[in-house]
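**Student:** just need the structure, nothing else, for what follows:
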Amino acid sequence: MADRTRRVAVGELELAYETFGDAGNSPLLLISGLATQMLGWDERFCDQLADHGFHVIRFDNRDIGLSTHLHEGGIPNLGALLRGEAAPAPPYTLADMAEDTAGLLDALGLESAHIVGASMGGMIAQQLALHHGHRVRSLTSIMSTPSRQVGQARPEAQAVLFLPPPTDPDTAAERSLTVYRVIGSPGYPLDEPRVAEVARRAFARGNNPAGVARQYAAIVVSPDRTPGLRELTVPTLVIHGEDDPLVQVEGGLATADAVPGARLVVVPGMGHNLPQPLWPQVIDEIVAHARAAEVGPAAHA
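**Tutor:** Okay, the predicted model is just below:
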């Protein structure tokens, strides 16, 4: 598989990204979730979005994959943060990660883009829309929430987040399979060979357990976005699995309820992943939403 990865300076960071489709088409930026490199957006999924006439961009967030790892940030005390106890502040928040995303648009010479975020990526996408609404042509928030207090994980799903980190490609594959057997979509078969392959590739690209902990800490300390979302004027689509055990469906319901005019799609049998049989539905929803935004009033604001 040819490596199409490029790197660009964003502030003091370097972000790794890849593109799909014609650069002259409408840009559509995909934001990944916690502990998930850009590989989480399957290349075939990206190609199919590009085939609908979009210039698709996926990238590694800070502290993961081939983007800058902030080793100087140390390892946060997640237990204390989760319990609300006094603890050193994490080195960054979701607002900082949203600024990274805006900076990536700048570096790519894009005034705005359609923004699609999954899980933590949805939180970052929401934050980007709140702080840089003019950069967001449309917002699609998938399996996400406006607050970590809403749609909290079931105990078994929370537990797999804290499994021991992998030490080699094989343990990375086994860990990922264990995670997705718990949080994946109960209504659809898990593509275990693909999950294992992506985990091995991700381990080879950059294994950084401390960075994942810092990303998680950023979620924990970031404030509830609901008040801001109530004032949002960006065209918004919310997609959520009815059977998501990691960010339960209440997270999607709360997001859609907060944003004026948001459209909510709840998918039966879907958990906290995007199984291939659901791609046609999810892609059609994203494409229809983006196209509607381009011809609607928001496109000319």
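**Student:** show residues contacting the helix or strand bottoming out on mean pLDDT in the chain.
**Tutor:** Least confident helix or strand of the chain, by mean pLDDT, DSSP states H and E, is helix 78-83 with a mean of 88. Applying C-beta atoms under 8 Å, 6 or more residues apart in numbering, the contact partners of helix 78-83 are Ala86, Ala87, Pro90, Ala213, Tyr216, Ala217, Val220, Val221. Any C-beta I mention is one placed from the backbone N, CA and C, and that applies to glycine too.
**Student:** does the third one touch Gln215 like I think?
**Tutor:** No: applying C-beta atoms under 8 Å, one finds Pro90 not in contact with Gln215, separated by 9.1 Å.
**Student:** quick one: contacts for Ile142?
**Tutor:** By C-beta under 8 Å, 6+ apart, the contact set of Ile142 is Val116, Gly117, Ala118, Ser119, Gly121, Gly122, Val238, Ile239, His240, Leu274, Val282.
**Student:** what score does Ala298 have for pLDDT?
**Tutor:** Ala298 is assigned a pLDDT of 43 by the prediction.
**Student:** same list, the contacts of helix 78-83, but as CSV with distance to Arg135, pLDDT and neighbour count please.
**Tutor:** Putting the contacts of helix 78-83 into CSV (distance: C-beta to C-beta, whole Å; pLDDT from 0 to 100; neighbours: other C-beta atoms under 10 Å) gives the following:
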residue, distance to Arg135, pLDDT, neighbour count
Ala86, 36, 78, 7
Ala87, 33, 80, 17
Pro90, 25, 93, 23
Ala213, 29, 95, 21
Tyr216, 26, 96, 20
Ala217, 26, 96, 24
Val220, 26, 94, 18
Val221, 24, 94, 15
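**Student:** select from those every entry located in helices.
**Tutor:** Those of those mapping onto helices are Ala213, Tyr216, Ala217, Val220, Val221, per DSSP state H.
**Student:** so what's the last one up against?
**Tutor:** Translated: Val221. Leu81, Ala89, Pro90, Thr93.
**Student:** quick one: which of the contacts of Ile142 is nearest to Leu30?
**Tutor:** Val116 (5.2 Å; C-beta to C-beta).
**Student:** quick one: low-confidence ranges for the stretch 1-150 of the chain?
**Tutor:** When residues are selected by pLDDT under 70, those of the stretch 1-150 of the chain lie in 1-2.
**Student:** from the contacts of Val221, list just the buried residues.
**Tutor:** By neighbour count, with 16 or more other C-beta atoms under 10 Å, these hold Leu81, Pro90, Thr93 as buried.
**Student:** can you name the farthest residue from the center of this protein?
**Tutor:** Ala86 (28.3 Å; C-alpha atoms, centre = their mean).
**Student:** from Ala87, how far out is the residue nearest to that residue when sequence neighbours are not counted?
**Tutor:** Using C-beta to C-beta, 6 or more residues apart in numbering and skipping residues adjacent in sequence, the residue nearest Ala86 is Ala80, 7.2 Å away. Using C-beta to C-beta, to the nearest Å, Ala80 is found at 4 Å from Ala87.
**Student:** could you do Ala290 as well?
**Tutor:** 40 Å.
**Student:** quick one, strands of the stretch 151-300 of the chain?
**Tutor:** Using DSSP state E, counting those that start in this stretch, the strands of the stretch 151-300 of the chain run over 236-241, 263-267.
**Student:** so which of the ones you listed comes closest to His55?
**Tutor:** His55 sits nearest to strand 236-241 of all the strands of the stretch 151-300 of the chain, at 19.1 Å, using C-beta to C-beta.
**Student:** could you pull up the mean pLDDT of the closest one?
**Tutor:** Regarding strand 236-241, the rounded mean pLDDT is 98.
**Student:** quick one, helices of the stretch 101-250 of the chain?
**Tutor:** All helices of the stretch 101-250 of the chain, identified by DSSP state H, counting those that start in this stretch, fall at 120-131, 155-160, 169-183, 192-205, 209-221, 226-229, 250-258.
**Student:** which one of those is the most hemmed in?
**Tutor:** Among these, helix 120-131 has the highest mean neighbour count (mean count of other C-beta atoms under 10 Å), at a mean of 26.
**Student:** I'd like to know which elements that helix is packed against.
**Tutor:** Counting contacts by 3 or more C-beta pairs under 8 Å, 6 or more residues apart in numbering; DSSP states H and E, the secondary-structure elements packed against helix 120-131 are strand 26-31, helix 94-107, strand 113-118, strand 136-142, helix 209-221, helix 226-229.
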